[in-house]
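> Dropping a prediction and its sequence here:
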Amino acid sequence: MNRIIFALDVYDYNEALSLSRELSNDVFAIKVNWPLVMNNGISIVKEISRYSNVICDFKIADIDNTNRLITEKARENNAWGIITHSFTGRRSLKAVVSAAGDMKVFSLVSMSQESFIDNYTDDLVKMSMEENVYGLVAPGNRIDILRHIRSMSGDLKIIAPGIGAQGGGITDAIMAGADYVIIGRSIYSDPEPLKKVKSLNEILGDD
Ligand code: XMP
């Protein structure tokens, strides 16, 4: 089982496609974020989906109708999953879950850096579970918070950023309850990204 979600935070089309092709067999999913989509349009999601599960990290944080419009675009372009904020409230979260259909919804309940969301994490976890999200985003570099979120969230999948460049340790995050770890710079800034991914998989005991 692969437990790495590769954060493809590059601008360039050719680089994005070539990294996607190269790494797709050794990662669980590829996460795309605004830098790539702003430079290349949403259709890049569909292109990358030919090689890998794609998670759109759009951190949606708007009113229900706008959330629905954004979610539909990700779905139309074959995204496997989507990341939404939950601090905007139940009505906004419901709109994402309902527009997502089969697409997996990950609700952000705590950031990999300190934020005002920290004051509401328990409420956000509870609401996200009530609204039937597929998973949560929780910090892989703030282990006590990650462990606490794991203890509250039953079977929900937890995906955890903050590994490597932001200081978190890959095995610490998995041991604290992450199902998948999100890693960007430590992979794409490495001179040999595939070798790097394989060595991380070895640390995790995955093939
Ligand atoms: P690096 O290069 O730091 O990339 O390994 C991390 C990736 O994850 C995103 N990120 C977050 N996404 N909640 C999220 O939903 C977070 O708290 C968070 N922290 C980092 C970041 O944008 C990058 O794509």
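That came through, no problem.
> drop to CA atoms for contacts and neighbour counts, all remaining ones
OK.
> Give me the phi and psi for Glu76.
Phi and psi for Glu76, reported as degrees, to the nearest 10, are phi -60, psi -30.
> same deal with Arg90?
phi -60, psi -40.
> Over to the one 4 residues further on?
Note on Lys94: its backbone torsions stand at phi -60, psi -40 [degrees, to the nearest 10].
> Tell me, how many residues neighbour the closest residue to it other than its chain neighbours?
Of all residues not flanking Lys94 in the chain, Glu131 sits nearest, at 6.5 Å (Cα to Cα, 6 or more residues apart in numbering). Applying other Cα atoms under 10 Å, we find 15 residues neighbouring Glu131.
> can you pull the contacts of Glu131?
90, 93-94, 97 (Cα atoms under 8 Å, 6 or more residues apart in numbering).
> that's a strand at Phe106, yeah?
Yes: using DSSP: H, G, I helix; E, B strand; the rest coil, the assignment for Phe106 is a strand.
> one step back: now, among the contacts of Glu131, which is nearest to the ligand?
Leu93 (14.6 Å; Cα to the nearest ligand atom).
> how close does the nearest residue to the closest one once chain neighbours are set aside get to the ligand?
Nearest-residue entry for Leu93: Ser86, 6.0 Å, with adjacent residues in sequence omitted and distances by Cα to Cα, 6+ apart. Plainly put, Ser86 is 11 Å away from the ligand if you go by Cα to the nearest ligand atom, to the nearest Å.
> Ser86: how many residues sit nearby?
The number of residues packed near Ser86 is 29, by other Cα under 10 Å.
> same check, this time on the one 10 residues further on
Burial of Val96, expressed as a neighbour count using other Cα under 10 Å, amounts to 30.
> so how far is Leu17 from the closest residue to the ligand within the chain?
Here the chain gets closest to the ligand at one residue, Met111, 3.0 Å apart by Cα to the nearest ligand atom. Met111 sits 28 Å away from Leu17, taking Cα to Cα, to the nearest Å as the criterion.
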